[in-house]
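>>> dropping a prediction and its sequence here:
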Amino acid sequence: MGRRMTDTEKEDKRIHREIDKLRKLISDSERKIRDLQGLCSHPGIHIKYMGDTGNWCPYDDSYWADWSCPNCGWRNRSSQEEATRYLQLHKKA
Ligand SMILES: [Zn+2]
C-alpha cells in the first residue's frame, strides 16, 4: 500500500487547499464588510420608492422601498412605511 501520489494528484490537492484558503478570505472579508456597514451612519442614503402596479389582478400589485448607502454599499429592501419612518427619524434639521 501507500502508493505515491502522482504529480497531477499533488497539483489537484494544492489547488483544493488554495481555493479553500481563498474562500475563507472571502467570507472573512464579507463578515468584516457587514460589521463596518453596521457601524456606518449611512450619510446620504438613497431610498427609492418602488412599485409593481397594473397587474391583471390588482391584488398582485406591490410596493416597496430599495435602500442603498453610497458610503458603505449597504443595501436593504423594506416596506415604504418603514422607509418613510426612517427618513422622518433621520431628517437633517
Ligand atoms: Zn452606509
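Thanks, I have it. Numbering: from 1, shown residues only.
>>> C-alpha only now, for contacts and for neighbours.
Will do.
>>> list the contacts of Tyr86.
Remark: with contacts taken as CA atoms under 8 Å, 6 or more residues apart in numbering, Tyr86 is in contact with nothing.
>>> is it true that it lies in a helix?
Yes - according to DSSP: H, G, I helix; E, B strand; the rest coil, Tyr86 belongs to a helix.
>>> which pLDDT value goes with it?
Here the pLDDT value assigned to Tyr86 is 94.
>>> and the one 4 residues further on, by the same measure?
Residue-level confidence at His90 comes out at 86, pLDDT.
>>> from Lys48, how far off is it?
16 Å (CA to CA, to the nearest Å).
>>> the more surrounded of the two?
Of the pair His90 and Lys48, Lys48 is the one with more neighbours under other CA atoms under 10 Å, namely 14 against 11.
>>> how would you label that one: helix, strand or coil?
strand.
>>> pretty sure it is touching Cys69, no?
No - contact criterion CA atoms under 8 Å: Lys48 and Cys69 do not qualify, at 11.5 Å.
>>> quick one, helices of the chain?
Assigned by DSSP state H, the helices in the chain fall at 7-39, 80-89.
>>> as CSV, the ones you listed with distance to Tyr59 would be great.
Converted to CSV, the helices of the chain look like this (distance: least, CA to CA, whole Å):
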stretch, distance to Tyr59
helix 7-39, 35
helix 80-89, 17
